[in-house]
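**Q** Just to be clear, the model below is a prediction. Sequence and coordinates:
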Amino acid sequence: MDQYIKDILGENGLLAQTIPNYEHRESQIAMAKLVGQSLCQDSHGVIEAGTGVGKSFAYLLPAIKFAVENKKRVVVSTKTINLQEQLMKKDIPLLQSILPDDLSFSAVLAKGRGNYLCLRKLEQHSQVSLLDNPQLKEELNYLHFQSIKAQEGDREEFKSSRETWEKVCSEADSCLKKFCSHLEKCFFYQARKRQEKAQILVVNHALFFADLAIRRNKNYESNSGAFADYHSAILDEAHHVENIATDFLGIQINYLRFKYLLDAVSIQVNSRGPLGDILGRNNRIFEKFHLFLKEFNDQAVAFFQKVADYFQEDSKRLSPQDKCFVEDSLTPYLSTLAEELEMIRDGYPLSEEYVIALNNLLSRVDILRHDLDFFLFQRGREHYVYWLENGKNRDNKLNKILLACAPISVAEIMQEAIFERIPSVILTSATLSINNVFHYFTDRIGLEENYYQGLQLSAPFAYQKQALLYLPNDAPDPRHPKFEQYITEKILQILLLSQGRAFILFTSYRSMSQVYDTIGYQLEQLGYTPLIQGQKNRAQLLQDFKADINSVLFGTDSFWEGVDVQGEALSCVIIVKLPFAVPDQPITQARCEYLEKLEKNPFLEYSLPQAVIKLKQGFGRLVRTKEDKGVVAILDNRIAKAYYGKTFLKSLPPAKITRNINEIRNLLQD
């Protein structure tokens, strides 16, 4: 493996012969060797590799060789679409073109079921759907026509409204599998066949953990996960895994779960469907059944309205005293629905396909009944945090209301479901360590110290020459009433020196909007183009920023990472506050309380490490190549004055620190 890696990544290797101005990096080779060793020895690895190391080639090359030679599939999971596109459209095609024939491999981008059109559901809705709705009928006809010539059958090939797509997309709990009459043409199973022939599967973290949740089920059958079975996994952008695992290992209940269930039942138990052939088209059973479904839907609407009336905040954590804060008026309806479906299933001579469809509906009813009971009665109170949320769904105010619970700690679950089940897991990111150690990260995800090999690789940049860290000595405490006025004036002062070309990263929308409203017009008068998050979608804002060298982008959470702007277009990153998580978020509160019970300091063990990782990500927006140079300005004086400030500074790249604002001009005009 080591010689193979040198032959590809070495100074005179295949990549050097293929890529103009190729830069051989020993850190990249070191990473590739550890990945190869971990895969071959069925062991785990944790690798922090700074920007510019070349992580993707460093893990793809050993993964390809291991997968091909051992006939074992390797999954590569990422957080961002940008990285997935880089892998599938750039890095993997390049390797496919240069590797020898004996390492010929295929790679597939695996998508969730909901991305694929279900031909059976399309047929059912076309026959049974509310044909009084001309727009729906037109969309269904269009989808039917397009499905005939579709290549992969995923959503990107169709123009469809979200509401219509949700009626006809593939779903695990409605799939008839081998009993489906459309199996041979099924787009999802065609995609699964491509996955089963591939050596490398590229997925996103959401799909990876959705698959993990399926595989944890005691009734799991081989190859019935969200994507094809695999031997090893490489998790890039791994600093996100705790939060994403939390989302997928918890429970979320909203009105749409009930609405989609009732819609699915209505499609199956309909006079135009198979049951109508047995009972007759005008049988009053259907009328009575659909009156019950309407009554059930009305009860669901009333239930979620009562939940909405219970709290006015964006989110509300539930205490043990809030158990059954609202009457459980829905479980009786779920139970009645289950009884009705069982009577239909057992009382009539139905086809096997139709029986499977009814069983799938019964399974959905049972899961929803379990989830509702688990939430309302707080069945997992010792290990879960429960809360209500008023979300941002714009379609319907009722759809905003969310009942949610999540495990306070995912460490034990991840240890059992990932690190004990998957022979080799490699976790990598540019930001995994705090004070040059990994244990803050590994402890939280259940990876014990003796069960992995760790490796830290610095970015191959001369930060002392390329980057300046500006810490103003006149900054007030962020809690001081004059802080907002100070940052507004200081930001404008810095932008004049950098001539725009800056990201301004905030930790709150309110602060971002206030500063933008105050200086946006002034920036325009000075010849700079102010751009603000929410003005356009994220991709378009970045495109506009790159195109206009004198632009300034105001952003919050989503711009702290996953953004790659090279060259002088981004010469300055201004960080307004240290990115501590909002302390009143339910999951944050619960985790801090959990650490206190373990007699640990929640600030030092949780809040501070989370903020350090986020700050490292924000700093990482600046220097992306050996030619880049610029300044990172941090306007929060706690980084210099608070006792924990040294933890932040020790974790950042070794840039030159200054308190003299004029040095910004000197660096950028040099």
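**A** Arrived safely.
**Q** how about the helices in the stretch 201-350 of the chain?
**A** For the stretch 201-350 of the chain, the helices defined by DSSP state H, counting those that start in this stretch occupy 205-215, 241-248, 255-268, 274-279, 284-310, 331-347.
**Q** May I see those helices organised as CSV, with mean pLDDT and mean neighbour count added?
**A** C-beta coordinates here come from the backbone N, C-alpha and C atoms, glycine included. Listed next are the helices of the stretch 201-350 of the chain as CSV, based on pLDDT from 0 to 100; neighbours: other Cβ atoms under 10 Å:
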stretch, mean pLDDT, mean neighbour count
helix 205-215, 91, 20
helix 241-248, 92, 20
helix 255-268, 91, 19
helix 274-279, 77, 15
helix 284-310, 92, 15
helix 331-347, 94, 15
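**Q** looking at those, which is closest to I661?
**A** With Cβ to Cβ as the criterion, I661 lies closest to helix 241-248 of the helices of the stretch 201-350 of the chain, at 36.1 Å.
**Q** Check which helices and strands that closest one sits against.
**A** helix 205-215, strand 401-407, helix 411-414, helix 439-445 (3 or more Cβ pairs under 8 Å, 6 or more residues apart in numbering; DSSP states H and E).
**Q** As a markdown table, those with distance to G618 would be great.
**A** Below are the helices and strands packed on helix 241-248 laid out as a markdown table (distance: least, Cβ to Cβ, whole Å):
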| stretch | distance to G618 |
| --- | --- |
| helix 205-215 | 20 |
| strand 401-407 | 26 |
| helix 411-414 | 26 |
| helix 439-445 | 18 |
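**Q** Which one of the ones you listed lies nearest to S232?
**A** Shortest distance between S232 and the helices and strands packed on helix 241-248, using Cβ to Cβ, is found for helix 205-215: 12.6 Å.
**Q** how big is the angle separating that closest one from helix 241-248?
**A** Counting by axes from the mean of the first three to the mean of the last three Cα atoms, to 10 degrees, helix 205-215 lies at 60 degrees to helix 241-248.
**Q** Only alpha carbons, please: show helix 205-215 as PDB.
**A** Output of helix 205-215 as PDB, limited to C-alpha atoms (Å, rounded to 0.1, in the frame of the first residue of the first chain):
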ATOM      1  CA  HIS A 205     -23.900  12.500   6.500                       C
ATOM      2  CA  ALA A 206     -27.700  12.800   6.700                       C
ATOM      3  CA  LEU A 207     -28.100   9.700   4.500                       C
ATOM      4  CA  PHE A 208     -25.300   7.900   6.400                       C
ATOM      5  CA  PHE A 209     -27.100   8.300   9.800                       C
ATOM      6  CA  ALA A 210     -30.500   7.600   8.300                       C
ATOM      7  CA  ASP A 211     -29.000   4.300   7.100                       C
ATOM      8  CA  LEU A 212     -27.500   3.700  10.500                       C
ATOM      9  CA  ALA A 213     -30.900   4.200  12.200                       C
ATOM     10  CA  ILE A 214     -32.300   1.500   9.900                       C
ATOM     11  CA  ARG A 215     -29.400  -1.000  10.500                       C
END
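**Q** low-confidence ranges in this protein?
**A** Applying pLDDT under 70 to the chain flags residues 127-133, 218-220, 281-282, 392-396, 670.
**Q** CSV for the helices of the stretch 201-350 of the chain, including distance to A581?
**A** Shown next, in CSV, are the helices of the stretch 201-350 of the chain (distance: least, Cβ to Cβ, whole Å):
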stretch, distance to A581
helix 205-215, 19
helix 241-248, 10
helix 255-268, 28
helix 274-279, 52
helix 284-310, 25
helix 331-347, 35
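**Q** These: which one's closest to I639?
**A** Closest of these to I639 is helix 241-248, at 23.9 Å (criterion: Cβ to Cβ).
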